[in-house]
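Colleague: compute the structure for the input listed below.
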Amino acid sequence: MTIHIDLQIETVNQQLPSIEELTLWANKAHQSKECEADVTVRIVDIEESAELNQTYRGKEGPTNVLSFPFEAPPGIDINLLGDLPLGDLVVCAPVVEREAAEQNKELIAHWAHMVVHGVLHLQGYDHIKDEEALVMERLETEIIMELDFPAPYQDQDLS
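Modeller: Numbering: from 1, shown residues only. From the prediction side, this is the model:
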């Protein structure tokens, strides 16, 4: 089954992936293939990213991607919602561009990594603990390489 993307663009940046690319990357990262899912992808500038990062994570400044998994309000039967709302991703275009340049990565490859990373977060993957980080990074790398991009983490060996 597939993820359907609701795309919101709130940035002046012009070098953005297409909705087709975002959909492809999100679907590659979708681990529950038996159900349809909806994801909102909001592409923002520095100010909105920084505000959301401060509000929801207590951290100053913008960040590359924020993930907000869907939580059904009490008393709502998610089986009645149709497609399962997976959650929202907020991607800061200027941060993604800056990181790609700093890490000598192709911009499109870094965009793909941020979407895959965010969709995995929406599904409960995390990287706070070392063991969780290893699992998540390994999965990210497998997905990114299946998409024909280079491994997203330097010096990563999947053998």
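Colleague: partners of the host helix or strand of Ile43, with directions?
Modeller: Using DSSP states H and E, Ile43 falls within strand 37-44. Each strand that pairs with strand 37-44, with its direction, by DSSP bridges: strand 3-10 (parallel), strand 84-92 (parallel).
Colleague: now it: mean pLDDT?
Modeller: The predicted model assigns strand 37-44 a mean pLDDT of 95.
Colleague: can you give me the buried ones in the very next helix or strand once past that strand?
Modeller: Later in the chain than strand 37-44, the nearest helix or strand by DSSP H and E is helix 46-57. Of all the residues in helix 46-57, those buried under the rule 16 or more other CB atoms under 10 Å are 48-50, 52-53. All C-beta spots, glycine's among them, are computed from the backbone N, C-alpha and C.
Colleague: please apply the same query to stretch 102-116.
Modeller: Within stretch 102-116, the residues that count as buried by 16+ other CB under 10 Å are 105, 109-116.
Colleague: now do stretch 28-42
Modeller: Buried residues in stretch 28-42 (16+ other CB under 10 Å): 28-30, 37-42.
Colleague: farthest-apart pair in those, please.
Modeller: The distance between the two most remote of the buried residues of stretch 28-42 (CB to CB) is 20.1 Å, for Lys28 and Arg42.
Colleague: centroid-nearest residue for the protein?
Modeller: Gly118 (2.3 Å; CA atoms, centre = their mean).
Colleague: quick check, that one in a strand?
Modeller: No. Using DSSP: H, G, I helix; E, B strand; the rest coil, the secondary structure at Gly118 is helix, not a strand.
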